[in-house]
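> Quick one, what's the 3D model for this:
(chains A, B and C)
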Amino acid sequence: MEVSGGAPKSKVKVGIPRALHFYRYFPFWKKLLEELGAEIVLSTPTSKKIVEEGVQMGFGELCIPMKVFYGHVLHLIENHPDLDYLFVPRYVAEDKDAYFCPKFLSLPDVIRILPNVPKMLNFEVNVKEFPISQSVIELGKQLGVGQSRALESYKTAKEYFKEYQDFLRKGVPVNHALRLVQRDLPFTVPKKKSKGDIKFLLLGHGYNVCDTYINLDFQKKLRDQGIEVITIENLPESLFKVPVIVNKRLRNYWRHEEEIMQAIRYYLTKGRDEIDGVIFLISFACGPDSLISELIMRDMKVVGIPFLDIIMDEHSGEAGLLTRIESFTEMIRRKKRKLEMDAKKKVKSKIKSEV
Amino acid sequence: MVQVSDKTDGSKAEKEAFLGIDVGSVSCKFVLIDIDGNLLTHVFLRNRGSPIDSVKDGMAKLKEAVQENEELQSYTIKACGTTGSARYLTKAIVGGDLAKTEIIAHAVATQSMYPNVRTILEIGGQDSKIIILRDGIIIDFAMNSVCAAGTGSFLDHQASRLGIAIEEFGDYAVKSNNPLSIAGRCTVFAESDMIHKQNAGHSREDIIAGLCDSLVRNYLNNITKGKDLDEPVVFQGGVSYNQGIVEAFERHLGCKVEVPKYNVLMGALGMAILVRDHYIDNETETLFRGLDVSEQEFKTSTFNCGDCPNNCEIVQVKMPSDENKVIARWGSRCGKWEVF
Amino acid sequence: MIVSFPNMGPNWVAFKTFFETMGAEVIVPEPTNRNTIKFGVKHSPEFVCFPFKATIGDFKNALERGADTLVMAIDCGPCRFGFYASVQERILRDLGYKDFRLIPLDQADLLEFKWVKVLFDVSPSKSVSMYSKALKAVIMLLKKAKLLEDIQTAEGLFRAYERTQGDTTHVVNDLLQQLDQTNSLSGLRKFRPIIKNTFANMDIDRTRNPLRVGISGEIHISLEPYVNIDLRKKLGEMGVEIHQSISLYDWVMHKLHVNFHRKWYEHLAKPYVPIDIGGECRWVLGEYIDKANAGFDGFVHEYPFTCMPEVVARTIITNKLKKMYDMPIIYFSFDEQSGVEGMRTRLEAFVDLMHSRRNQDVKTNKVKLVNNQKQYGHYGNNFCHECIELIQPK
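The predicted structure follows:
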């Protein structure tokens, strides 16, 4: 964009759809793009209209998060005709041994061919082929920023993202942290209201676990029942250092799935007593989850941790979901109470026998 | 008396008629037209038991209709075509000259009434389809391939749940000001969601309008992906009786939706037209067995093939009056029994 | 050591030779059938893609017939296929099948030669002669795979011309039996003329001018006739010429980096999908464009229900390519619920659609038919051209 004379340069407007990788990388993108001199326009949180439009755009066999992504892009196109760019990065591989799901690999390609799409910023993360810094330099070029400043921005963004991740590891819900990022507020840990009597590990991709419209505000439903919820993002970094070997000859596969497996590995072994149950949120037609959930389900059976998988799509009804959660938690509470009673009885009988 | 061409004495200069039969999943339709494409008479009946029984029943009804009408008796059936999911079986039973898919039949019939039609929506008992035409030729089509959520049986089922007749369904829907949103990927979910809404105290009108809306949304989401639905739009099939659905379509598409006069007979009508053209082009003698098919006996039997681990169950139909000739076989995966 | 492998249409002929040349005993998988699928559906994750369910059924059949070594390809593309082997092994072990080894065959890049280890694994003798055997096994596999591809090419062409329905199917079955019996290199060298002659001797109607359709899609679905409900045969018997470039040979050559027509497809698809996203996405797009440019009448895209890469391909074709190239396309996504009747209706309607378009094109002189000579331009491989000579009117 060329601006002549001394008029203040208006910032380049970049639209980001609030879907898919937004729930994972948004703080990084935000810092990076802002450092590169862009202004960020976010689509509104998922709403009925967005889902409906997305569903109309994507055909039946697509998974619901993709349809929602379509909806957000359409929302941006409709409500922000002044966008200079759309930011739909291509995430291929974040480390050498793992891919993302094919739909992420081709995300910019399927968005580019929609009608009336603004220009798109090219940003490809593919460390199998080239380092991220190179992509950042490319991104800088498109925004008219030189190499050294681009690298500088990358460093700042990376640091900020690290800070954000550390903040999450203190047990802060992702949605709360994302709100702070959006408003440029400092990371302060919110006061915990009350600790729940049982603790669940909520597995699933960020865009399933955190999109409160699609999952019918699942996390809140759990908290309302006095359950403490932790998600993968809240777990300590050390769990994710060693790769999970599913099969010796097979290198590890999808980044998200590996994280899920790593988290589960901890609770299957050392952390067995730290949680009372595991819930896996899966979107209908999700390829990777269909296989991983099978493995997890089988592992859970062996160890005996209660496990509930919930498959969501755009038609999920609220009533059915509530019934399932309520009965699942009820089952666990009963089990726990019974164990406690048994333990007390044991103590009593022990005292008796000693007497 | 309607006669079959090879049974007439050639001296009488009789008028020519063509029969189209559409045997669908829920109902079967018979249409008789003259050479100019005018509809002479028709029969519509719900399926009973096997398609063979339905066809025989239909033929008997058609015969009655002809016997009651003097005018019709001066016609001779020159050719007969079959369509619908049981088209091959029907063809074998009545002695059809041509079997075509219901997609082509529907398109042809609609074009005869609306020559400029560009989009045809069709929702029947157990399937739904869309046909896109440009400049008079079909350029694209789609059928529901996943489940029955977007079809008539879905509405039928919900109507009986709500305790109202399916015929009144549309009238209720039209009265609603605030259609509810009802989850509707599959009938089971839709039903549980509907019960939930009922329990929550919503009015029947709103629920019904919601169901209509959900059916249309499902239809549009499942089968019209990537297709341009241009005007003029024609909507046919059993469900097009339902005014609520028609209005829901108009709302979603933002244009006028036409419902043809013979909305449920379109398949049979199209088939009659197709077989007429076939007759004019080829001038072949018809294979039609005549309306007396209703009195014919057909014997069905089944056996297991056993030639491969699939062990398919083969069904065959024999005609005892014709030296027990096998006239149709189906059921094998590899297709080897279907060739005679 | 009794080796078995999953079904993929007629390719058992090639796999069988491959392992037999190494000296292993081979159990050829029972043709996929209703029970195979039933087992697969019962024990697989609910919405995993269809090849998973079909192949796990094959494994169970093989194990029950005494196999103790199963070979399954794995791939390091980003699609689900790479995870098949490990999840299937887990499921089978949980079901109580203990005494078996499942050897994953890494085919990410065949020039990395990881697959050699599989050969050595299945070889009963571990002496030096193993190396020469391995070399022979590979040559046999490639030769047979190429011949299988030739049979497939000829089959697609000739079925549209046969006078008696079913002739082509018989010819193909005979040829497969013969090819299975031929186990010397000299015999294989002479096999190509045999294929050509057998087809040339068929009773065909050369005056026909059938519709021309390209088929592409996910490889297992495209090659295994049970899971695609004999799509190729059904379409062929409706009088349609079928051109399918996907085959085992095609795939192996691609993984050896010497498949130039796939490179060409990649080039054509590059503006729409620049990188490999797994499955056959890129090649389907490329092939669609290629076939449209070659003046084909239509295209069939087949894939397992919810297959990730193919769903992307479908999205791009419907939203973009179809509007650019305007070649009719029909999609078939297969799973255990796919029915024969619905498919037949859709195929028939598709054929009618292509016919009416062609008639329109002939009327408006877009397409010219000269003496019923069939014009193919530079399309197809050598063998395809040899076959085309055979079907030209005399």
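> tell me the contacts of the residue nearest to the spatial centre of chain A?
Compute the mean C-alpha point of chain A, and by C-alpha atoms, centre = their mean the closest residue is A:Gly206, 1.5 Å away. A:Gly206 makes contact with A:21, A:23-24, A:174, A:233 under the criterion C-beta atoms under 8 Å, 6 or more residues apart in numbering or on different chains. To be clear about C-beta, it is placed using only N, CA and C from the backbone, and glycine gets the same treatment.
> Closest to C:Gln375 out of those?
Of all the contacts of A:Gly206, A:His21 has the smallest distance to C:Gln375: 49.1 Å, by C-beta to C-beta.
> can you pull the pLDDT of the closest one?
Residue-level confidence at A:His21 comes out at 92, pLDDT.
> what's the answer for the one 4 residues further on, then?
If you check A:Tyr25, the pLDDT there is 94.
> List of residues touching the helix or strand hosting it?
Assessed by DSSP states H and E, A:Tyr25 sits inside helix A:22-35. Applying C-beta under 8 Å, 6+ apart, the contact partners of helix A:22-35 are A:14, A:16, A:40, A:87, A:89, A:136, A:139, A:143, A:152-154, A:156-158, A:160-161, A:164, A:174, A:177-178, A:181-182, A:206-207, A:209-211.
> Who are the contact partners of the residue nearest to C:Ala160 when sequence neighbours are not counted?
Distances taken as C-beta to C-beta, 6 or more residues apart in numbering or on different chains put C:Pro210 closest to C:Ala160, at 4.0 Å, once the chain neighbours are dropped. C:Pro210 makes contacts with C:160-161, C:239-241, as judged by C-beta under 8 Å, 6+ apart.
> Domains of chain A: list them as residue ranges, please.
A:12-169, A:192-344 (automatic domain parsing).
> sorry, back to before: can you lay out the contacts of A:Gly206 as TSV showing distance to B:Pro232 and neighbour count?
Converted to TSV, these look like this (distance: C-beta to C-beta, whole Å; neighbours: other C-beta atoms under 10 Å in any protein chain shown):
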residue	distance to B:Pro232	neighbour count
A:His21	43	22
A:Tyr23	45	20
A:Arg24	48	19
A:Val174	50	20
A:Glu233	54	22
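> In CSV: those, plus distance to A:Pro102.
As requested, the contacts of A:Gly206 are exported to CSV (distance: C-beta to C-beta, whole Å):
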residue, distance to A:Pro102
A:His21, 14
A:Tyr23, 19
A:Arg24, 17
A:Val174, 25
A:Glu233, 24
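> just curious, which of these is nearest to chain C?
Taking C-beta to the nearest C-beta as the measure, chain C sits nearest to A:His21 out of the contacts of A:Gly206, at 15.2 Å.
> quick one: what helix or strand has the nearest residue to the closest one once chain neighbours are set aside in it?
Nearest residue to A:His21 in three dimensions, chain neighbours excluded: A:Tyr91, at 6.3 Å (C-beta to C-beta, 6+ apart). If you go by DSSP H and E, A:Tyr91 is part of strand A:90-93.
> quick one: contacts of that strand?
A:21, A:99-100, A:104-108, A:122-129, A:255, C:275.
> Repeat that for stretch C:354-368.
Stretch C:354-368 has contacts (C-beta under 8 Å, 6+ apart) with B:135, B:137-139, C:211, C:213, C:240, C:295, C:297-298, C:328, C:369.
> Equivalent analysis for stretch B:326-340, please.
Contacts to stretch B:326-340, defined as C-beta under 8 Å, 6+ apart, come from residues B:88-89, B:92-93, B:298, B:302, B:305, B:307-308, B:310, B:312-319, C:165-166, C:226, C:229-230, C:233-234, C:237, C:340.
> of the residues you listed, buried ones?
By neighbour count, with 16 or more other C-beta atoms under 10 Å in any protein chain shown, the contacts of stretch B:326-340 hold B:88-89, B:92-93, B:298, B:305, B:310, B:312, B:314-319, C:226, C:229-230, C:233-234, C:237 as buried.
> Okay, buried residues for the helix or strand that contains B:Ala328 please.
Using DSSP H and E, B:Ala328 sits within strand B:325-330. For strand B:325-330, burial by neighbour count (16+ other C-beta under 10 Å) applies to B:327-330.
> So which bits of the stretch 251-394 of chain C are right by chain A?
Residues of the stretch 251-394 of chain C lying close to chain A (C-beta under 8 Å from any C-beta of the partner chain) are C:272-275, C:277-279, C:281, C:305-309, C:311-312, C:314-316, C:318-320, C:333.
> following the helix holding A:Tyr25, which helix or strand shows up next?
For helix A:22-35, the succeeding helix or strand toward the C-terminus, using DSSP H and E, is strand A:38-42.
> Check the nearest residue to A:Leu76 once chain neighbours are set aside and give its pLDDT.
Distances taken as C-beta to C-beta, 6+ apart place A:Gly15 nearest to A:Leu76, at 4.3 Å, with adjacent residues excluded. If you check A:Gly15, the pLDDT there is 95.
> Need the contact partners of stretch B:194-214.
Applying C-beta under 8 Å, 6+ apart, the contact partners of stretch B:194-214 are A:317-319, B:155, B:158, B:161-162, B:164, B:169-170, B:172-184, B:190, B:242, B:244-245, B:247-248, B:251.
> mind checking how far that stretch is from the chain centre?
How far stretch B:194-214 lies from its chain's middle: 29 Å, per C-alpha atoms, centre = their mean, to the nearest Å.
> Rounded mean pLDDT for that stretch, please.
Mean predicted lDDT for stretch B:194-214 stands at 81.
> measure that stretch end to end?
With C-alpha to C-alpha, to the nearest Å applied, stretch B:194-214 spans 11 Å between its terminal residues.
> Only the buried residues of that stretch, if you could.
B:194, B:196-197, B:202-203, B:205-214.
> Repeat that for stretch A:204-217.
A:204-211, A:214-216.
> Check stretch C:284-300 too.
Neighbour-count burial for stretch C:284-300 [16+ other C-beta under 10 Å]: C:284-292, C:294, C:296-300.
> Alpha carbons of it, as PDB, please.
C-alpha atoms of stretch C:284-300 as PDB (Å, rounded to 0.1, in the frame of the first residue of the first chain):
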ATOM      1  CA  VAL C 284      -7.000 -36.800  -8.600                       C
ATOM      2  CA  LEU C 285      -7.000 -33.000  -9.200                       C
ATOM      3  CA  GLY C 286      -4.300 -33.400 -11.900                       C
ATOM      4  CA  GLU C 287      -6.000 -36.200 -13.500                       C
ATOM      5  CA  TYR C 288      -9.300 -34.400 -13.600                       C
ATOM      6  CA  ILE C 289      -7.700 -31.500 -15.400                       C
ATOM      7  CA  ASP C 290      -5.800 -33.800 -17.700                       C
ATOM      8  CA  LYS C 291      -8.800 -35.800 -18.700                       C
ATOM      9  CA  ALA C 292     -10.900 -32.700 -19.200                       C
ATOM     10  CA  ASN C 293      -8.200 -31.400 -21.600                       C
ATOM     11  CA  ALA C 294      -8.200 -34.700 -23.400                       C
ATOM     12  CA  GLY C 295     -11.900 -34.300 -24.100                       C
ATOM     13  CA  PHE C 296     -13.300 -37.000 -21.900                       C
ATOM     14  CA  ASP C 297     -17.000 -37.300 -21.300                       C
ATOM     15  CA  GLY C 298     -16.900 -37.600 -17.600                       C
ATOM     16  CA  PHE C 299     -15.000 -38.500 -14.500                       C
ATOM     17  CA  VAL C 300     -15.600 -40.700 -11.500                       C
END
